[in-house]
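[1] Sequence isn't available, so here's the structure alone:
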């Protein structure tokens with residue numbers, strides 16, 4: 001089974017690992033917890049997983065838990081009966097019932113109040129929702145996908161998130177890497193976005209010079225893919241049909257690019273006076289990456305800019 005439209009763009013080993021896991025679980029009615037920084041594409045991946053599932057012909061709904069006033073969370077999620085509270089002028093089915101038969105994405109699930117967490121846990125365990133003001137619960141068949149940019153284990157330790165709910169949501173965890181850890185995808189993402197916006201606005205495609213590309217690849221992208229997409233739309237509109245250089249990039253991208261180039265030349269590529277043994281250096285760096293990631297080989301490969309298979313080959317070579 002393949003992940004279909006909406007388009008999932010990326011060929012880097014880090015992102016392909018994510019897609020392999022998503023393909024494996026897309027057709028199964030298991031709960032998935034999508035983690036990663038803001039702007040890494042968690043909702044887009046959730047949409048693609050729904051489209052690849054047996055529920056594809058049923059609704060896909062997303063609820064941003066962080067955008068709801070606390071006093072409305074339960075009614076928005078589980079529904080309410082008319083007159084259940086001040087302002088409830090009509091029956092509301094709630095997002096879970098509205099997604100019956102389909103998929104519901106709980107975005108920013110770490111923002112749910114503890115009272116709503118308890119009701120969500122009950123739904124996950126027995127498939128029942130209890131609308132506010134209704135005497136009896138209702139059975140609903142909905143697949144739950146949850147997403148967060150928070151470390152939910154830390155939230156559990158701080159008492160802000162239920163431990164039992166965390167383990168109920170974390171059946172299959174999928175971590176989306178930030179853009180700075182999949183820099184190899186930046187050119188293909190730029191090409192995709194430039195083509196998309198050129199077609200959408202009826203404008204000839206803009207492009208970047210080699211120097212501009214280098215600055216974009218050196219930038220850390222705190223806003224991740226969303227930030228890159230916004231930049232591409234701006235350039236596609238303001239510089240239609242032109243090739244733009246690094247001088248038109250936002251100042252923070254120019255400045256960070258310059259710092260990254262300087263660091264690369266003066267630190268990363270600085271050769272000691274006495275020389276080095278490359279095999280020893282590579283063995284040491286692999287060991288450090290494994291320590292930093294607690295032995296997680298996929299994450300260690302990501303830190304080193306290698307594929308997982310290449311890392312395994314070199315670990316065997318150095319008997320690590």
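    Good, I have the coordinates. Keep in mind that this is a model prediction, so the values were computed, not measured.
[2] Can you find the helix or strand of the chain with the lowest average pLDDT?
    Every helix and strand in the chain was compared by mean pLDDT, DSSP states H and E; the lowest is helix 251-263, with a mean of 63.
[3] per-residue confidence at residue 294?
    In this model, residue 294 is scored at 81, pLDDT.
[4] Three-state assignment for it, please.
    The three-state assignment at residue 294 reads coil, by DSSP: H, G, I helix; E, B strand; the rest coil.
[5] residues contacting it?
    In this structure, residue 294 makes contact with no residue, judged by CB atoms under 8 Å, 6 or more residues apart in numbering. Placement of C-beta: from N, CA and C, glycine included.
[6] For residue 170, see how far away it is.
    Separation of residue 294 from residue 170 (CB to CB, to the nearest Å): 17 Å.
[7] Which parts of this protein belong to which domain?
    Listed by automatic domain parsing, the domain ranges of the chain are 13-177, 180-268, 278-317.
[8] Quick one: the strands in the protein, in order.
    If DSSP state E is used as the criterion, the strands of the chain fall at 32-35, 60-64, 103-107, 128-129, 138-139, 143-148, 172-175, 207-208, 243-244.
[9] ok so, going back, check the domains of the chain for me and report the most buried one.
    Comparing the domains of the chain by mean neighbour count (mean count of other CB atoms under 10 Å), domain 13-177 ranks first with a mean of 18.
[10] This protein: helices as residue ranges?
    In order along the chain, the chain carries the following helices (DSSP state H): 13-26, 42-51, 73-78, 94-98, 114-126, 152-157, 163-169, 186-201, 210-218, 224-238, 251-263, 278-292, 297-304, 308-317.
[11] Indicate which one of those is closest to residue 64.
    If you check each of the helices of the chain against residue 64 by CB to CB, helix 42-51 wins as the nearest, at 9.2 Å.
[12] Can you give the distance from that closest one to the centre of its chain?
    Here helix 42-51 is found 10 Å from its chain centre; the criterion is CA atoms, centre = their mean, to the nearest Å.
[13] now swap in stretch 65-80 and tell me
    Its chain's C-alpha centre lies 23 Å from the corresponding centre of stretch 65-80 when counted by CA atoms, centre = their mean.
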